[in-house]
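J.: heads up, no residue letters with this:
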């Protein structure tokens, strides 16, 4: 047993020696190649591990710091955006308030204003003529002057004190009332100065806003505009609008009457010229007839008598036309270049030559001359024209001014209406020539 153990010890020692030899040999190889021994390698490895751990720790710390910086920047951006959003919302709220205030201040463009701008005026106080409106305006203004004289137009606090003095307080209230009244009246006078027939609602709205602003500024002194004075001012605006509209209508009626008289004068001038021409021709034929009879040429004189009878009939016809102020021509004309293919003008003239009237209508007020579609003679052209206008009333282009005789219709439709009435249709043309318009198109 002992021997075997001894052998084992010897063999272990030999193995250890062999290992030490191998280690020495390896160390020798390492020294030959400039390497380190095991302890040094282990030490460097441990150092590198420690350095790596330090770098990892530093990297983690730097990463943490960067995350904190990014988080701080993100929070700052969120705070900035929140402030911007809050500011935007506040600005939007202010704009909405301003818009609401503007909408309260400005008069909305209602259907009523649309009617008025289109010329359909609705009188607040229907009267016969502009002089009656002027009289009413004078009465209203006299009532306003009476309230101003009695110091009841604008009233304020009666128990206000200033520097402990009720007298000074009363004087201050009176001065402020005068100032506020002047401001209110200035707004009212400005509204009257720029007043148009269709702007009465806007003027009334502005005046209401002026009263509200004055009362707001004078709230501390309990300054208010008396309701009766406001009603008088509103009545003044309404009467002024009605007055202006009535004046405009009267001017339009006067213009239409002047146009009618000019047309009548031209017709009378045509009658006189035609009578002079026919009378001269009658005298000439009569002289020739008398000469033929004097020579005994009764056959030639008889033939000439028929011509003389025609001339005398023509003179009688002109006299009848001149005496009958309702006789004349109803004309239907169009202007393709100006109004398109489905619009006609239906009018009447007492002229002996109705084409002259059509030429006058195609003056500088329209870009092209009118084309005549229908000329219809009637002993009562006035009634015939009225009947046509009534039949086409739902097709009127201008439904406000009845003197504008334009209709959405075709010449064929007017011709069908004319078939129901007696008279002579001297001319009927289906398609408009529109020469100037068509030539203008070729020049483009």
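T.: Nice, thanks for sending it over. Worth saying up front: this structure is predicted, and the values here are computed from it rather than measured. Numbers count the residues shown, from 1 in each chain.

J.: what about the strands in this protein?
T.: For the chain, strands defined by DSSP state E occupy the ranges 154-155, 224-225, 328-334, 344-349, 371-378, 406-407, 424-428.

J.: out of those, deepest packed?
T.: The highest mean neighbour count among these, using mean count of other C-beta atoms under 10 Å, belongs to strand 328-334: a mean of 26. No exception for glycine: its C-beta is placed from N, CA and C like everyone else's.

J.: can you spell out which helices and strands pack onto that strand?
T.: strand 344-349, helix 354-361, strand 371-378, helix 381-391, helix 411-418 (3 or more C-beta pairs under 8 Å, 6 or more residues apart in numbering; DSSP states H and E).

J.: that one: partners in the sheet, and parallel or antiparallel?
T.: strand 344-349 (antiparallel), strand 371-378 (antiparallel) (DSSP bridges).

J.: how big is the angle separating the longest one from helix 354-361?
T.: The directions of strand 371-378 and helix 354-361 differ by 140 degrees, with axes from the mean of the first three to the mean of the last three C-alpha atoms, to 10 degrees as the criterion.

J.: now the helices for the protein?
T.: Ranges of helices within the chain are 2-32, 38-105, 111-117, 130-149, 166-193, 200-217, 227-295, 298-323, 336-339, 354-361, 381-391, 411-418, 435-442, based on DSSP state H.

J.: off-centre distance for the shortest one?
T.: If I follow you right, that is helix 336-339. Mean-position distance between helix 336-339 and its chain equals 24 Å (C-alpha atoms, centre = their mean, to the nearest Å).

J.: pull out the buried residues from that helix.
T.: 336, 337, 338, 339 (16 or more other C-beta atoms under 10 Å).

J.: list phi and psi for the closest residue to the third one other than its chain neighbours.
T.: The shortest distance from residue 338 to any residue that is not its chain neighbour, by C-beta to C-beta, 6 or more residues apart in numbering, is 4.8 Å, and that residue is residue 366. As for residue 366, its main-chain torsions (degrees, to the nearest 10) stand at phi -130, psi 150.

J.: surely residue 366 and residue 336 touch.
T.: No: look at residue 366 against residue 336 with C-beta atoms under 8 Å: they stay out of range, at 11.1 Å.

J.: domain ranges for this protein?
T.: As recorded under automatic domain parsing, the domains making up the chain are 13-105, 116-252, 268-323, 328-442.

J.: of all the ones you listed, which one is nearest residue 260?
T.: Closest approach to residue 260 among the domains of the chain is made by domain 328-442 (10.0 Å; C-beta to C-beta).

J.: now, among the buried residues of helix 336-339, which is nearest to residue 100?
T.: residue 339 (44.6 Å).

J.: mind listing what the closest one touches?
T.: Residue 339 sits next to residue 406 when contact means C-beta atoms under 8 Å, 6 or more residues apart in numbering.

J.: give me the pLDDT for it.
T.: As predicted, residue 339 sits at a pLDDT of 90.

J.: same check on the one 4 residues further on?
T.: Listed pLDDT for residue 343 reads 93.

J.: that older thread, what's the closest of the buried residues of helix 336-339 to residue 266?
T.: When the buried residues of helix 336-339 are compared against residue 266 (criterion: C-beta to C-beta), the nearest one is residue 338, at 24.0 Å.

J.: touching stretch 281-291 from outside, list them.
T.: Contacts of stretch 281-291 (C-beta under 8 Å, 6+ apart): 301, 304, 305, 307, 308, 311, 312, 315.

J.: wait, I meant stretch 215-234
T.: With C-beta under 8 Å, 6+ apart as the test, stretch 215-234 has contacts from 140, 143-144, 147, 152-157, 160, 172-173, 176-177, 180-181, 184, 188, 204, 207, 211, 214.

J.: if we can go back for a sec, would you reformat the domains of the chain as a markdown table and include distance to residue 260?
T.: Converted to a markdown table, the domains of the chain look like this (distance: least, C-beta to C-beta, whole Å):
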| stretch | distance to residue 260 |
| --- | --- |
| domain 13-105 | 47 |
| domain 116-252 | 13 |
| domain 268-323 | 12 |
| domain 328-442 | 10 |
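
J.: tell me which of these approaches residue 259 most closely.
T.: domain 328-442 (8.7 Å).

J.: nearest residue to residue 241 in space, please, no chain neighbours.
T.: Using C-beta to C-beta, 6+ apart, the closest residue to residue 241 is residue 200 (3.8 Å).

J.: that neighbour and residue 236 touch, don't they?
T.: No: between residue 200 and residue 236 there is no contact, the gap being 10.6 Å when judged by C-beta under 8 Å.

J.: what's the burial count for residue 404?
T.: 12 (other C-beta atoms under 10 Å).

J.: wait, residue 219
T.: Residue 219 has 10 nearby residues by other C-beta under 10 Å.

J.: what's the pLDDT at it?
T.: For residue 219, the model assigns a pLDDT of 80.

J.: and residue 135, by the same measure?
T.: Predicted confidence (pLDDT) for residue 135: 86.

J.: gap between it and residue 239?
T.: Going from residue 135 to residue 239 by C-beta to C-beta, to the nearest Å gives 10 Å.

J.: repeat for residue 378
T.: Residue 378 is 45 Å from residue 239, by C-beta to C-beta.
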